[in-house]
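**Q** Sharing a model prediction with you, sequence too.
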Amino acid sequence: MLALQPTCALYLGAVTACKAPQHLPILQHIAYTVCVVPRRPARQQTVCLAGQWFLHCSSGQVQRCTSCLNSVHALTQVLRLASPSVLRNKDVFWIEGRPSEQGRSVLVRRSSDVGSIEDVTPGPKSDFNVRTRVHEYGGGEHLVTEGKAYFSNFVDQRVYVQYLELGSEPQPLTAADSKQRFANYILDGTHNRLIAVCEDHSKEGQEPENSIAAIDLATGSVDQLATGHDFFSSPVLNTDGTKLAWVAWDHPNMPWDDTMLYVSDVDAAGHLMGVVQQVAGGKDQSVQQPQWGPDGALYYIGDATGWWNLYKLESDGQPAALLPMSAEFGSPPWLFGCHSYQVVSGGTAVLAVFSDPSAAGSQLGVIDITSKALTWLDTGYTMFSRLAVVGAGVESEDGDLTVVTIAGSASKASAVVQLQVPNLAALLCSKPSDWHVIKTSSDLDLDPAYISEPQSIEFPTEDGKTAFMNFYPPMNKDYDFPPGELPALLVEIHGGPTSSASTVFNLGYQYWTSRGYAIADVNYGGSTGFGRAYRNRLRGNWGVVDVDDCCNAARYLSEKGSVDGNRLCITGGSAGGYTTLACMAFRDVFSAGAAHYGVADVELLAKDTHKFESRYLDLLIGPYPAEKELYQKRSPIHSANNIKAPVAIFQGDEDEIVPPEQSEEMWRALKNKGLPTTLMMYKGEQHGFRKAESIRSALEGEFYFYGKVLGFDATYSNDLQPMTIDNLPPTEGHTPLEEAEIR
């Protein structure tokens, strides 16, 4: 067996844009450090990116090893970019999540006149953090208008207004003693107010109440506009402010299940009047992202045909699909503020982001509404988030357009990018060089010879069905395997579970593939991007279908001779953490695993989580408590005795989505069983780690854990939160790096 060598560039893993769970947004799970078999050098070279030479450098050599040292610090330089917008004067705004500032979110502006980039939000010593806690996942946390910005502040959840002049201080708009949270803002200039989603937590011991509400810009007073459902999102006014549309849904549905699109007239005083009409959605339909076009028509995304396609509400009130196709123009709305299309050219065309199941990632295209033709744009990117579009070309058929979005690819880090064209015709024939990068999430420049790009693979799974994965083969121009050696495999499991694996450039993935490790990023049954039927495979089957698909992905690659079947590891965060634990408890496929803020007890989750997901499991498993026995059967905590391999657990102590008690209970069970395990509890962290030191610790901690339980040298920096691995043989002690070695 090959000798294993220590690695050094432990901080190369980086945060990428949420997933969503994305979500991010949200926050998407970053790379994890695992048992890696080092490659045999093809030629004698000092290549710092490979990592292990750093620990063997003399002090003089370390000083010359600048690329490796820069990689060590890459973690604190990588930004989470979100929520781009652009004003008519072409000033561009976006949100930056900064691990180096305790994970806080900052509103940033690129001025169109001088091109300078500056923070709108006051500095890190202030208490300002642009983030809302509506649904806990947030999104839609701010709105920029001409001359002003409105935003939710994370610390107190008050709404603030801030003039855009340099040095302007935010001023509170809503009351200090308010228990209300807000998101998804729009401006109603006619009535001098904001319209937003409101989540009211004022009734102690009861579920918060959600509504569409108006916030008076003069007084800060709040009035309810639309009530009567458990959840609301996406309020939009038509051009003259006389009609308001919004989306609503009720327990036990999530926004990708059964939702309704409503429209109401607005009177001169700003009140909703007449009968509120449901114009789309309902049973077995998910609608999202309503938008009033310049032609006065209401557009939206719906999945009545089984795919999230674009629709237009015709004058007779009937919906018409703009371009029916087996592709997704929407994504699961874990966050507020989704905006994946824009009606342009006076209502004759739509610029839209869409995903084609046959290709990894997403694309940008233009739909001609009359001819129903789709033109794919040549952008050089394969991932797009929220679109922001301004210009005369929105209202008229012949006018300029400015498009701003966050885009990336398998070889390009996500970035705020901009395209300016004189008209629609120029948009249709635009090319990659027409897109200009405003701000990148990472300045780290890697040689393409070290970058592994994903291959989309459809593989067989249970009951004659197939599932999908993005496979990243090992890639490093300086190394090769000894004869007969195959790479170890890391199975990555996305969160959600109603979400998907991202193909955007991921430093963490490249860290491992450049060291001889293969990665399988699995889109198990229940993932999005493959239509409603595929998304619904997980209904009643969470802990079954996802587990089968992840295990079958690993088996498939092993049987094909792509990876070493004796060195299979698995990792995931949130729902991916649950699937990790379930694979370890219900199957015997993997040699080690790591669960990051993962669900160990689905029964406890059903009884103790926030409102947004409090009935999520009704559809994923079954109604609780009617299906109490099934919940216990699906909970890894009740099958901990079946786990045969070591498991590491990482958790935030302020997590409102997966309470810390979940991880503590699982850790105790593994410890009592005598398995090597660890629990790293991070103070002040919520669902997904945002602070640089927590991310570093989780990354290094997982590396250190795998090293100790699988038998290769590993280290853990002594400036981080102390880590203890339970049930290790006494000879396997903790060997921290010396302070001088991590400078």
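**A** Structure received. Numbering: from 1, shown residues only.
**Q** Low-confidence stretches in the stretch 601-743 of the chain?
**A** For the stretch 601-743 of the chain, the stretches flagged by pLDDT under 70 are 731-743.
**Q** let's see it at 80
**A** 703, 707, 710-715, 729-743 (pLDDT under 80).
**Q** Which secondary structure element of the protein has the lowest mean pLDDT?
**A** Using mean pLDDT, DSSP states H and E, the weakest-scoring helix or strand in the chain turns out to be helix 59-64, at a mean of 27.
**Q** Tally up the residues packed near L427, please.
**A** Residues contacting L427 under the criterion other C-beta atoms under 10 Å number 25. Where C-beta positions appear, they are placed from N, C-alpha and C, glycine not excepted.
**Q** Backbone dihedrals for it, both of them.
**A** As for L427, its main-chain torsions (degrees, to the nearest 10) stand at phi -60, psi -40.
**Q** Show me where the stretch 301-450 of the chain has its helices.
**A** 392-395, 424-428 (DSSP state H, counting those that start in this stretch).
**Q** And the chain, by the same measure?
**A** Assigned by DSSP state H, the chain shows helices spanning 59-64, 66-72, 392-395, 424-428, 507-513, 532-535, 545-559, 575-586, 602-607, 616-620, 628-634, 660-673, 692-710.
**Q** right, and the ones you listed - which one's nearest H142?
**A** With C-beta to C-beta as the criterion, H142 lies closest to helix 392-395 of those, at 21.5 Å.
**Q** same for the closest one, what does it pack against?
**A** For helix 392-395, the packing partners by 3 or more C-beta pairs under 8 Å, 6 or more residues apart in numbering; DSSP states H and E come out as strand 341-344.
**Q** now for the strand it packs on, which elements pack on it?
**A** Strand 341-344 packs on strand 287-292, strand 298-302, strand 349-354, helix 392-395, going by 3+ C-beta pairs under 8 Å, 6+ apart.
**Q** Buried by neighbour count: which residues of that strand qualify?
**A** Under the neighbour-count criterion of 16 or more other C-beta atoms under 10 Å, strand 341-344 has Y341, Q342, V343, V344 buried.
**Q** Any idea what the last one is bridged to?
**A** It stands for V344. With DSSP bridges applied, V344 shows beta-bridge pairing to A349.
**Q** Report pLDDT for it.
**A** Here the pLDDT value assigned to V344 is 95.
**Q** all strands for the stretch 351-500 of the chain, in order.
**A** With DSSP state E, counting those that start in this stretch, the ranges of strands along the stretch 351-500 of the chain come out as 363-368, 373-376, 383-384, 388-390, 401-408, 415-421, 436-440, 455-460, 466-472, 479-480, 488-493.
**Q** got those as TSV, with mean neighbour count and distance to L617 columns?
**A** Output for the strands of the stretch 351-500 of the chain, formatted as TSV (neighbours: other C-beta atoms under 10 Å; distance: least, C-beta to C-beta, whole Å):
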stretch	mean neighbour count	distance to L617
strand 363-368	21	34
strand 373-376	14	38
strand 383-384	24	30
strand 388-390	20	35
strand 401-408	25	32
strand 415-421	22	37
strand 436-440	15	39
strand 455-460	15	27
strand 466-472	23	22
strand 479-480	16	45
strand 488-493	28	18
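**Q** Mind putting the ones you listed into CSV with mean pLDDT?
**A** What follows is the strands of the stretch 351-500 of the chain, written out as CSV (pLDDT from 0 to 100):
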stretch, mean pLDDT
strand 363-368, 96
strand 373-376, 95
strand 383-384, 95
strand 388-390, 96
strand 401-408, 97
strand 415-421, 97
strand 436-440, 96
strand 455-460, 94
strand 466-472, 96
strand 479-480, 82
strand 488-493, 92
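**Q** Cheers, nothing more for now.
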